[in-house]
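In: My questions concern the predicted model and sequence given below.
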Amino acid sequence: MVMAADAQIIERAKEWLSDKFDEETKNQVKNLLENNEKELVECFYKNLEFGTGGMRGIMGVGTNRMNVYTVGMATQGLANYLNKTFQGQEIKVAIAHDSRNNSALFAKTCADIFSANGIKAYLFNSLRPVPELSFAVRQLGCKSGVMITASHNPKEYNGYKAYWSDGAQVVAPHDKNIVDEASKVKVSDVKFKGNPSLIETLDEEFDKIYLERIKGLTLSQEDINKHKDIKIVYTPIHGSGVRLVPEILKMKGFENISVVQEQCTPDGNFPTVISPNPENAEALTLAIKLANEKGADLVMATDPDADRVGIAVRNNNNEFVLMNGNQTAAILTYYLLTKWKENGKLDGNQYIVKTIVTTELLKAMADKFGVKCYDVLTGFKFIADVIRNNEGKTTFIGGGEESYGYLAGEFVRDKDAVNACSLIAEAAAWAAEKGKTMYQLLLDIYSQYGYYRESLVNVVKEGKSGAEEIQKMMDDYRNDPPAVINDSNVVMIKDYLTQKASNILDGTDENIDLPKSNVLQFFLEDGTKISVRPSGTEPKIKFYFGVKEGVKDISKLDATEKAALDKIETIKKAMHLA
């Protein structure tokens, strides 16, 4: 029996029994009302909201689930906001989707609704990567864009990313304004019947334009030509990178590319992996197996919407090791900065961008090359925001985040795994010309800058009760912060919600010039950095740890690495996370 306190949830659910909804949906809601109180609460206790990566949730019926009605209300809200914001102007949007279940349906639903509201919709004819959608918004002069994807989440999820005219995911004030507009929309307000005359299909011809722009970023064509036979294994993990990643590698001149055939077919059930996340070693199992069979030098894996990439390289024992997101970011940044300098392109008017939870190694490199490094909140839209604010003034070299997202060039405004894969392969050819492997390139970086090591702990808390638990954890850290962690004093606390950096040693505060965000950072006397934040798109709270060890002898890196990892583990235990 549903408690009286849940009366509002029951009323919400009953609204979904009206004739505005299809029969299958109504039957599923009836079943929840009669037989599954717990799932009823989860499906209807709130509306899906935009987080750092947009709207994302489990597919199913209800206001807290991804379905044609929640997608429809979000799209109608976005259409209303666009029509208010750009009155009297031609409004165009671009729409793409990945390989997830229902993605094509949701994308077509968006196109129909935009067109029914007098907005021209460019709809890709099949699945495409996130970065190509971002590129399309700018290339086609659109005011907005929508990407249907849940990135690397498990198969039960789907999502909705809204983009603005600069090709980036929406930021303030548009993000909140769109949410406010969407919150006013009822299902009966949604114009589901499309206007075919206002829907235009984008096909493979558009892919060529995007790929040519990526090819134009090439910095080491001579090295590629000399080492075009580098053996590369690639897997799209059943996602949208399947055609474009192998194609850009071929366009740049690489000739020895093997694709994991078992993972080439787009499939929203992701049958060969537990989760299609290149951050997880398990997702690269088949690719590494093929790489060992082929004697390959480099393994690359992209997630379903091809905005993130994970790589594996051979170590000095000829065994494949997985690079974490910070290590890949370090290799790419080092390569870009070095080549820009070698090519005479650095004049002090360039910059890179990283997120506040990404390795400080990137800033150390930027400082050495005389390049400005911006720190931004977690979420690639904040990297894009810096690019927009600097456009035409200073030049963006590259940027990245620890969660396997990277970008070079300014024509895309989101993380771009197609672009990143091409540059990673290019860096491998550049290293080979110097007689080095990618692993040895990383060792060179550690020799010059010290050994930086990071770790991430995700504490998953599902559903309504989980969201409340996560908020209580943040409140406790904020209201009663630790004074000592792992026998090291906390010397600085940065609270991005209050936008204050508190120096514990002298009792002074400084303002943080970044948007408000529910993030806390603790800086310890021994140089350790600990960041805590709830995920904006997933039911989890994230703990980021960063330590640095000096490197006196690179041949003893194993001992240095062990010291760093041991330190991180003791910190986790001290915080009751291990």
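Out: Okay, I see it.
In: Now for residue 420: which residues touch it?
Out: 309, 332, 406-408 (CB atoms under 8 Å, 6 or more residues apart in numbering). Every residue, glycine included, has its C-beta placed from N, CA and C.
In: and which of those is nearest to residue 449?
Out: residue 332 (14.7 Å; CB to CB).
In: on that earlier part again, so of the contacts of residue 420, which ones are in helices?
Out: residue 332 (DSSP state H).
In: Pick out whichever of the contacts of residue 420 sits closest to residue 144.
Out: residue 407 (20.1 Å).
In: Tell me if I am right that residue 482 is in a helix.
Out: No - secondary structure assignment places residue 482 outside any helix; it is coil (DSSP: H, G, I helix; E, B strand; the rest coil).
In: low pLDDT regions in the stretch 51-200 of the chain?
Out: For the stretch 51-200 of the chain, residues meeting the criterion pLDDT under 70 lie at 51-53.
In: got it, and the stretch 401-550 of the chain?
Out: 537.
In: and with 80 instead?
Out: 536-538 (pLDDT under 80).
In: Quick one: the helices in it, in order.
Out: 417-433, 438-449, 463-479 (DSSP state H, counting those that start in this stretch).
In: Go through those helices and name the closest to residue 497.
Out: Across the helices of the stretch 401-550 of the chain, closest to residue 497 is helix 463-479 (CB to CB), at 7.4 Å.
In: And the closest one, what's buried?
Out: By neighbour count on 16 or more other CB atoms under 10 Å, the buried set for helix 463-479 is 467, 469-470, 473-474, 477.
In: Correct me if wrong: residue 283 contacts residue 277.
Out: Yes - if you go by CB atoms under 8 Å, residue 283 and residue 277 touch, sitting 5.6 Å apart.
In: how does this structure divide into domains?
Out: Domains of the chain are assigned by automatic domain parsing as 1-42, 46-202, 211-449, 452-574.
In: before we move on, back to that, now render the helices of the stretch 401-550 of the chain as CSV, adding distance to residue 303.
Out: Converted to CSV, those look like this (distance: least, CB to CB, whole Å):
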stretch, distance to residue 303
helix 417-433, 7
helix 438-449, 21
helix 463-479, 24
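In: With the flanking residues excluded, which residue is spatially nearest to residue 42?
Out: Leaving aside its sequence neighbours, residue 42 sits nearest to residue 463 (CB to CB, 6 or more residues apart in numbering; 5.2 Å).
In: Contacts only, for that neighbour.
Out: Contacts for residue 463 were tallied using CB under 8 Å, 6+ apart; they are 41-42, 539.
In: Try it again at 10 Å.
Out: Residues near residue 463 by CB atoms under 10 Å, 6 or more residues apart in numbering: 38-39, 41-42, 45, 64, 469, 539.
In: before we move on, back to that, anything in contact with each of residue 283 and residue 277?
Out: In contact with both residue 283 and residue 277: 152, 237, 270, 301, 303, 310, using CB under 10 Å, 6+ apart.
In: how close does the last one get to residue 236?
Out: Same thing as residue 310. Distance, residue 310 to residue 236, by CB to CB, to the nearest Å: 12 Å.
In: just the third one next, same as before
Out: Using CB to CB, one obtains 11 Å as the distance from residue 270 to residue 236.
In: can you check the fourth one too?
Out: From residue 301 across to residue 236, the span is 8 Å (CB to CB).
In: neighbour count winner among these two?
Out: Taking other CB atoms under 10 Å, residue 301 and residue 236 do not tie; residue 301 has more neighbours (35 against 29).
In: what is the more buried one paired to in the beta sheet?
Out: Counting by DSSP bridges, residue 301 is bridged to residue 235, residue 310.
In: Enumerate every residue touching it.
Out: Applying CB under 10 Å, 6+ apart, we find residue 301 in contact with 233-237, 239, 241, 245, 260, 263, 273, 276-280, 283-288, 308-312, 322, 404, 417, 421.
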